[in-house]
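>>> Need the 3D shape of this:
(chains A and B)
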Amino acid sequence: MKMRKRKFSLLTKVLFYYLLFTLVSFVISAIILQREANEHMHNILEKRFAHREHRIEHILEHEKNLDKFRHSSYANIKRVASVPPRFEPTYTDTVMVNEYTQRENVYRKKTTYMTVDGRHYKVVMTKEADELYRFKDDVYHIVLPVFLLLAMALLVANYVFSGYLLEPFRRILKQMASYKIGRAASLKHIKTSTQEFDRLKQLYERMQQRIESDYFQLKEYTENMSHELQTPLSIIQNKTEALISHNNLTSEQATQIKAIYEETQQLSRLGRALNLLTQIENQEFQNIQTVTTAPVIEDHLQKIHEMVEMKELTVEKELDPEHALTIDPGLLDILLRNLFKNALRYATRGSTIRIETGRGRMVFSNPGAQPNFESEQIFDRFSRGRGQKTLGLGLAIAKKICQVSGLDISYAYEEGRHVFRIEEKGPDSDL
Amino acid sequence: MKILLVEDNAELVDDVTAFFREEGYVMETAFTLQEAREKVGVYSYDLVILDLGLPDGDGLELLEDMQRDQPQVAVLILTARDALDVKVQGLEQGADDYITKPFHKAELNARVHSILRRKVAGGRQKLTFNEIALDLNEKKVTVYDQELSLTRKEYDLLLFLIYNKDRLLTKESIAEHLWGDHIDQADNFDFIYNHIKNLRRKIGQAGGHNYIRSMYGMGYKFVTE
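Numbering: from 1, shown residues only, chains lettered A, B, ... in the order given. The predicted structure follows:
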């Protein structure tokens, strides 16, 4: 089975991508801000350290005793033999307890070397950096809640606006779904200030007009065809009948006239069948009612009993008196007629035709030779059994009737029998 | 009996007119709705054969007028429009019968006979030909006063043959008459042969003459001479 991808509404999708983009830009700006803060903090501290170093240098020039610096938090100075080569000052940040406030604070420790009057000293200075660290944390403390707030606001807005913003779109969709050919509906009553929806409205209206005009042209064409073709066919038919009525025809002439006559008949049947197909397709049969099938089937059986006897067939029926279909009775009649015709034609002599109704379905079956085509093709136009002189439209008509009446027709070859099943589809299952 | 044929195709008009004149009817024709209205208004007819697709309008309009003004006139609708709704509409509006193009003249003839018998003749219920007599009410056939036991189809076939005596009835027209479009006509020819055979046998057994002749394998003719 093919996995179906989940579908999301346009606004949800827009919101998702918008939030993703905002999150990324928030993270980037937070990083930049933090860097800036770092640098800024470093610069300030460095300035203070420089100031302190300057003072230490000054003290060292005059004071030889370094004891007073030993435990000072101001600076720890030690005399050293030499300065390590290529030394760069090092910085470390540590958490220490403040002497006065007894609170833990972040301190920055700078280690450097100094040379005053030829003497070398190692100087370690510490300076409180708490404020600056707090500023750095603030960047995250501000950015994250702001982002969350924004996301929540957008979610709420999405929920509120999707109803309002997409309302015209939904109405346009509803109109499209309920469109029936030959019954164009204007979208004028759907007001929208959204450019895209307005365009959609216009395009749909234009498309609808095009479909309508094509449809009416086709309808006119088929109507004309049927009228203008059937009259000449009537004449040909009558003239050939008149010709054949003469007693003094040679058998050669009779054969030829017979051929003309038969082809005319075939042509006229073909015209009628195609016309019927078009009429069904155009949904011209709208007298839809709930029809109990059992009496209609009995009536058909009555009409065909002669052909049944002639072919030495047996009819087995199991009719549920409750079984009913929602269909135009005229169409049901044509449907049954075609199914019976088919069963009679392809049933083997002396076999059994079976009709069952009930549990929401109607099943026709008859024994016969294995078909030489795919089972779905049986409903194609002009597909016919080997050596059969028929139009090959009966089952195409049956299928079309089922399509417009919300029925499912299927064919299968099971245990040597041709089986046709007609079932009622669930409501709107073709949407 | 007087028939008005309303039809715009001249060739078809000639054909049908000639046919019914031979049958002994008085035929008048109208090519347009306007012409038909005038004729119906001035003369009286027993039957109007009405085509629906006329150059200046829909034949159903005339039907409506006639139902109002002279409902006693029988109307047979003749049309190329095969739509069920038109059929239903026509019959609901009071037409007596309906036939679609292309039609067999034999079929048209049989329908005209039966409409006129029902509506106009008002009880000419017997049809006799030489030794054969048909009781149209009881649907019974006697030969030399001896009743034949015919099936419904055999009776219909005999009536169809006698209505159209001395004319060729093609197998197609017989099939259409007996079974309508209930089954493909190509399948029906064996059945027709069987019915003809049985009919000949039953008439023959009662001492009747064999009037039914096969024509070039195309159909049958009820021959009177």
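>>> what ranges do the helices span in chain B?
Remark: helices assigned in chain B by DSSP state H are B:10-22, B:33-42, B:59-69, B:84-92, B:105-116, B:152-163, B:171-179, B:189-205.
>>> Got the phi and psi for the residue in the stretch 301-431 of chain A positioned nearest to chain B?
The nearest approach of the stretch 301-431 of chain A to chain B comes at A:G330, 4.3 Å away (CB to the nearest CB). C-beta here means a position set from N, CA and C on the backbone, and glycine is covered the same way. Dihedral angles of A:G330 (phi, psi; degrees, to the nearest 10) stand at phi -60, psi -40.
>>> ok, now A:Y179?
Taking degrees, to the nearest 10, you get phi -70, psi 130 for the backbone angles of A:Y179.
>>> same question, A:E88
Torsion angles, degrees, to the nearest 10, at A:E88: phi -110, psi 140.
>>> comparing the helices of chain B, which gets the lowest mean pLDDT score?
Mean pLDDT values for the helices of chain B show the minimum at helix B:84-92, a mean of 68.
>>> can you count the residues close to residue 160?
Unless you meant another one, I'm taking chain A. A:V160 has 10 neighbours, counted by other CB atoms under 10 Å in any protein chain shown.
>>> could you do chain B instead?
21.
>>> hang on, the earlier thing: in this structure the residue of the stretch 301-431 of chain A closest to chain B contacts A:Q286, no?
No: under the criterion of CB atoms under 8 Å, A:G330 makes no contact with A:Q286, lying 10.3 Å away.
>>> Compare neighbour counts for those two and give me the winner.
Ranked by neighbour count (other CB under 10 Å), A:G330 and A:Q286 place A:G330 first, with 18 against 9.
>>> So that one versus A:A30, what's the distance?
74 Å (CB to CB, to the nearest Å).
>>> Can you pull out the low-pLDDT segments for the stretch 1-150 of chain A?
A:1-4, A:64-73 (pLDDT under 70).
>>> got the residue ranges for the strands in it?
A:76-80, A:90-97, A:104-116, A:119-128 (DSSP state E, counting those that start in this stretch).
>>> can you list contacts of the third one?
Residues lying outside strand A:104-116 but in contact with it, judged by CB atoms under 8 Å, 6 or more residues apart in numbering or on different chains, are A:45, A:49, A:53, A:56-57, A:60-61, A:80, A:83-84, A:87, A:89-98, A:120-130, A:133.
>>> Of those, just the buried ones, ChimeraX syntax please.
Selection of the buried residues among the contacts of strand A:104-116 in ChimeraX, burial being defined by 16 or more other CB atoms under 10 Å in any protein chain shown:
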select /A:45,49,53,56,60,121,122,123,125,126,127,128,129,133
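>>> Can you give the domain ranges for the chain?
If you meant another chain, say so; for now it's chain A. The record's domain parsing of chain A by automatic domain parsing lists A:10-160, A:175-284, A:289-424.
>>> actually chain B
Domain assignment for chain B by automatic domain parsing gives B:2-121, B:126-222.
>>> got the ones you listed as a markdown table, with distance to A:C402 columns?
Below are those laid out as a markdown table (distance: least, CB to CB, whole Å):
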| stretch | distance to A:C402 |
| --- | --- |
| domain B:2-121 | 17 |
| domain B:126-222 | 20 |
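>>> Turn the ones you listed into CSV, columns for distance to chain A.
CSV is the format used below for these (distance: least, CB to the nearest CB, whole Å):
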stretch, distance to chain A
domain B:2-121, 4
domain B:126-222, 4
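>>> Which of the helices of chain B has the highest mean neighbour count?
helix B:171-179 (a mean of 22; mean count of other CB atoms under 10 Å in any protein chain shown).
>>> and that helix, what does it pack onto?
Applying 3 or more CB pairs under 8 Å, 6 or more residues apart in numbering or on different chains; DSSP states H and E, we find helix B:171-179 packed against helix A:251-281, helix B:105-116, helix B:152-163, helix B:189-205, strand B:219-222.
>>> Just put the ones you listed in TSV and tack on distance to B:T142.
Converted to TSV, the helices and strands packed on helix B:171-179 look like this (distance: least, CB to CB, whole Å):
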stretch	distance to B:T142
helix A:251-281	35
helix B:105-116	20
helix B:152-163	12
helix B:189-205	11
strand B:219-222	17
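>>> low-scoring stretches of the stretch 301-431 of chain A, by residue?
In the stretch 301-431 of chain A the weaker segments, taking pLDDT under 70 as the threshold, are A:384-390, A:426-431.
>>> which bits of it sit near chain B?
Applying CB under 8 Å from any CB of the partner chain, we find that the stretch 301-431 of chain A lies next to chain B at A:303-304, A:306-307, A:310, A:330, A:337, A:340-341, A:344-345, A:389-391, A:394.
>>> ok, and the most crowded of those residues?
A:F340 (25 neighbours).
>>> Nearest to B:I77 among the residues of the stretch 301-431 of chain A next to chain B?
A:G330 (17.0 Å; CB to CB).
>>> of all of the stretch 51-200 of chain A, which residue lies closest to chain B?
A:G182 (14.0 Å).
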